[in-house]
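Trainee: Please work out how this folds:
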Amino acid sequence: MYKTPQGNVGILVSESSGPLPFAEVAFCRRLCIIGARHGLHVYVFCLSWIASGNAAGIPAYTFERGTWIRKWCPRPDIIYDRCLVHDRKQQLRKHRLLERLANEHPFVYLARGLAGKWAVYQALLECPEVAEHLPETALYQGQAQLDQWLQAHDGEAFLKPRNGTHGKRTLHVKWHLPRDEVRVVGRSGRNTVFRRRFSTKQAGLVWIDRFTGRQPFLVQPYLQLNSSDGEPFDVRVLMQKDAKGEWSLTGMAVRAGRKDSLTSNLHGGGTAHRALPYLIRELGKSEGKAAEAAIRKLSLLIPAYLETRFGRLAELGLDFGVDRQGRVWVLEVNSKPGRSSFFRIGDPETARRSLENPIGYARYLLLSKP
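Mentor: Next comes the predicted model:
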């Protein structure tokens with residue numbers, strides 16, 4: 001049976017206005033239950049609650065005897081950071097509050113976060129085995145640059161926020177010659193699909209520049225990553241460290257969006273499917289198996305490589321695109337991945353492992369402490 005470390009694991013999540021004041025309630029509940037089974041005290045807290053801490057600890061929520069209880073909890077030995085921040089001001093506040101917590105009681109991060117899409121792209125470019133699977137990417141620098149991009153890339157571009165999530169505020173831009181009109185299909189900040197049409201390219205470029213709102217965006221080629229039915233899809237792979245501190249591939253699932261949805265993200269109303277049968281159906285047996293094998297190989301390569309650049313990591317959500325020719329593209333790397341696709345495809349073993357692994361790895365870190 002397990003050696004029981006006397007350890008406190010704090011799950012740091014965003015605040016919420018729901019029935020409970022924090023996000024990811026169902027996920028956190030499962031982690032609390034698994035933690036108790038492994039001899040760990042697991043609780044949930046938010047950034048602003050750190051400031052309320054006193055000699056008794058910090059205010060937090062634990063799941064005990066079938067219900068959520070708000071109580072004072074000892075300061076964490078390990079923090080599992082699930083709290084997303086989207087701008088510099090929030091980032092500085094987060095850093096300041098966690099620094100304060102560390103001064104009161106030194107803790108270990110289950111994993112450090114990644115430094116954003118652009119930094120990850122630049123790092124992966126230096127890994128030859130991965131670089132050939134990366135779509136050309138540039139920082140958006142204004143109307144003139146986008147104009148040149150459209151001229152050099154068959155009149156198409158895909159724009160996404162450098163720090164965005166869930167496919168929000170993404171744009172597919174298409175310049176139609178000889179009419180010189182521009183059509184845009186995008187997703188709003190609320191993740192709803194919209195369409196705009198501009199009678200001139202210049203009018204379209206002005207509107208797009210306004211849409212970015214001086215926030216950092218990335219520009220990429222528009223890749224044809226659709227199924228034979230015209231549904232956009234990608235392959236999500238969950239890589240995690242296990243109870244031995246080793247990387248393992250937890251699971252793989254296809255996320256397919258509606259035909260008009262631009263992205264395949266489940267938050268935008270997509271569906272989830274088992275990966276290999278889906279790829280075989282779309283590409284044929286040999287091509288489907290080859291694409292799955294390429295995805296598996298890249299998935300086992302990327303985490304350890306990124307650790308050499310960004311420090312110790314615990315889990316990564318890797319998103320891959322597969323075009324109609326069977327070519328595999330690395331689309332996204334997410335250090336705070338969701339798991340909903342594995343619950344939706346009816347794969348209870350993968351779903352269970354996706355929850356067990358962070359707790360197993362936290363336990364490994366506690367037992368490894370000198």
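Trainee: same for the helix or strand hosting Val254, what does it pack against?
Mentor: Secondary structure from DSSP states H and E places Val254 in strand 247-256. Secondary-structure packing of strand 247-256 (3 or more C-beta pairs under 8 Å, 6 or more residues apart in numbering; DSSP states H and E): strand 233-241, strand 271-274, helix 275-283, helix 285-310, helix 340-344, helix 348-368. Heads up, the C-betas are built off the backbone N, CA and C, glycines and all.
Trainee: Show me what the first one is packed up against.
Mentor: To tie it back to what came earlier, the one meant is strand 233-241. Strand 233-241 packs on strand 247-256, helix 275-283, helix 285-310, strand 315-322, helix 348-368, going by 3+ C-beta pairs under 8 Å, 6+ apart.
Trainee: Tell me what angle the second one forms with strand 233-241.
Mentor: Just to be clear, that refers to helix 275-283. 160 degrees (axes from the mean of the first three to the mean of the last three C-alpha atoms, to 10 degrees).
Trainee: With the last one instead?
Mentor: What separates the directions of helix 348-368 and strand 233-241 is an angle of 30 degrees, with the same axes, to 10 degrees.
Trainee: Let me know the average pLDDT across helix 348-368.
Mentor: Average pLDDT, helix 348-368: 93.
Trainee: Give the burial count for Ile208, as a bare number.
Mentor: 23 (other C-beta atoms under 10 Å).
Trainee: Could you pull up the residues touching it?
Mentor: Counting by C-beta atoms under 8 Å, 6 or more residues apart in numbering, Ile208 makes contact with 143, 146, 159, 171, 173, 184.
Trainee: Any figure for the gap between it and Pro161?
Mentor: 13 Å (C-beta to C-beta, to the nearest Å).
Trainee: One more: Gly7?
Mentor: 37 Å.
Trainee: got the buried residues for stretch 238-255?
Mentor: 238-243, 247, 249-255 (16 or more other C-beta atoms under 10 Å).
Trainee: Out of the residues you listed, which is nearest to Ile34?
Mentor: For the buried residues of stretch 238-255, the minimum distance to Ile34 (C-beta to C-beta) is 11.5 Å, reached by Ala243.
Trainee: Excluding sequence neighbours, find me the nearest residue to the closest one.
Mentor: Take Ala243 and drop its neighbours on the chain: the residue closest to it by C-beta to C-beta, 6 or more residues apart in numbering is Gly360, 3.2 Å away.
Trainee: Might one say that the one you found is in contact with Gly39?
Mentor: No. Using C-beta atoms under 8 Å, Gly360 is not in contact with Gly39, being 11.8 Å away.
Trainee: Let's have the buried residues of stretch 238-255 in JSON lines, adding pLDDT and distance to Ala51.
Mentor: Converted to JSON lines, the buried residues of stretch 238-255 look like this (pLDDT from 0 to 100; distance: C-beta to C-beta, whole Å):
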{"residue": "Leu238", "pLDDT": "96", "distance to Ala51": "34"}
{"residue": "Met239", "pLDDT": "97", "distance to Ala51": "34"}
{"residue": "Gln240", "pLDDT": "97", "distance to Ala51": "32"}
{"residue": "Lys241", "pLDDT": "97", "distance to Ala51": "31"}
{"residue": "Asp242", "pLDDT": "96", "distance to Ala51": "35"}
{"residue": "Ala243", "pLDDT": "95", "distance to Ala51": "34"}
{"residue": "Trp247", "pLDDT": "97", "distance to Ala51": "36"}
{"residue": "Leu249", "pLDDT": "97", "distance to Ala51": "40"}
{"residue": "Thr250", "pLDDT": "96", "distance to Ala51": "35"}
{"residue": "Gly251", "pLDDT": "95", "distance to Ala51": "38"}
{"residue": "Met252", "pLDDT": "96", "distance to Ala51": "41"}
{"residue": "Ala253", "pLDDT": "95", "distance to Ala51": "39"}
{"residue": "Val254", "pLDDT": "95", "distance to Ala51": "43"}
{"residue": "Arg255", "pLDDT": "92", "distance to Ala51": "38"}
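Trainee: so can I have JSON lines of those residues showing distance to Tyr222?
Mentor: What follows is those, written out as JSON lines (distance: C-beta to C-beta, whole Å):
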{"residue": "Leu238", "distance to Tyr222": "27"}
{"residue": "Met239", "distance to Tyr222": "27"}
{"residue": "Gln240", "distance to Tyr222": "32"}
{"residue": "Lys241", "distance to Tyr222": "35"}
{"residue": "Asp242", "distance to Tyr222": "38"}
{"residue": "Ala243", "distance to Tyr222": "42"}
{"residue": "Trp247", "distance to Tyr222": "32"}
{"residue": "Leu249", "distance to Tyr222": "29"}
{"residue": "Thr250", "distance to Tyr222": "31"}
{"residue": "Gly251", "distance to Tyr222": "29"}
{"residue": "Met252", "distance to Tyr222": "25"}
{"residue": "Ala253", "distance to Tyr222": "24"}
{"residue": "Val254", "distance to Tyr222": "20"}
{"residue": "Arg255", "distance to Tyr222": "18"}
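Trainee: For the lowest-mean-pLDDT helix or strand in the chain, enumerate the helices and strands it packs against.
Mentor: Least confident helix or strand, the chain: helix 340-344 with a mean of 86, by mean pLDDT, DSSP states H and E. Here helix 340-344 touches strand 247-256, strand 271-274, helix 348-368, going by 3+ C-beta pairs under 8 Å, 6+ apart.
Trainee: out of those, deepest packed?
Mentor: Greatest average neighbour count among the helices and strands packed on helix 340-344 goes to strand 247-256 (a mean of 22), per mean count of other C-beta atoms under 10 Å.
Trainee: Tell me where the chain has helices.
Mentor: Ranges of helices within the chain are 25-37, 88-104, 117-125, 128-131, 143-152, 201-212, 275-283, 285-310, 340-344, 348-368, based on DSSP state H.
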